[in-house]
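> The following comprises the amino acid sequence and a computationally predicted model.
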Amino acid sequence: MPEYKKPLPVPQPESDRYWEGTRNGELWLRRCLDCIKAYFYPRNICPHCGSANVEWFQASGRATLYTFAIVHRAPHPGFEAEAPYITALVELEEGPRMATNLAGVQADPANLKIGMPLKVVFEKATETITLPKFTPA
């Protein structure tokens, strides 16, 4: 596997199930069993009500485009070859919003529409980190 030159997230114990899921091509979220709200990023306490009564569940992988930006000037040398590229905030079908990149679509505003349907795809960065990205559904 070629060396991945971009900065990578650092898994924490509370996110191990999430990263295990992405390696298997699955998107996993946490849900509070008290207020019944799903949330992202993974943590052991519900950000909505403060309950520790939470569970993991497999998300559908479907989302809509909430907002986006086209990056023309890479913030890190590892991204220079990809510029211009699309960073996005997507709203998952289960409710939470997630920061990500869009894949499989040209970085041109004419190709993007707020509310457009998306589906998750996965990019293997290293043996332990696989990144979820989204593409038009």
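That came through, no problem. Residues are numbered from 1 along each chain as shown.

> Strands along this structure, start to end?
Using DSSP state E, the strands assigned to the chain run over residues 28-32, 38-39, 54-58, 62-71, 85-92, 97-102, 117-124, 130-136.

> closest one to Pro109 among these?
Among those, strand 62-71 comes nearest to Pro109, with 6.9 Å by CB to CB. From N, CA and C alone the C-beta is placed, and that goes for glycine too.

> gap between that closest one and the chain center?
Mean-position distance between strand 62-71 and its chain equals 11 Å (CA atoms, centre = their mean, to the nearest Å).

> so that strand versus strand 97-102, what angle?
Put simply, strand 62-71 runs at 60 degrees to strand 97-102, going by axes from the mean of the first three to the mean of the last three CA atoms, to 10 degrees.

> Now do the same contact list for the closest residue to Val71 other than its chain neighbours.
Leaving aside its chain neighbours, Val71 sits nearest to Tyr85 (5.4 Å; criterion: CB to CB, 6 or more residues apart in numbering). Listed by CB atoms under 8 Å, 6 or more residues apart in numbering, the contact partners of Tyr85 are Ile70, Val71, Phe79, Asn101, Leu102, Ala107.

> Could you report the neighbour count for the residue nearest to Glu94 when sequence neighbours are not counted?
If the residues on either side of it in the chain are set aside, Glu94 comes closest to Ala38, at 4.3 Å by CB to CB, 6+ apart. When counting by other CB atoms under 10 Å, one arrives at 18 neighbours for Ala38.
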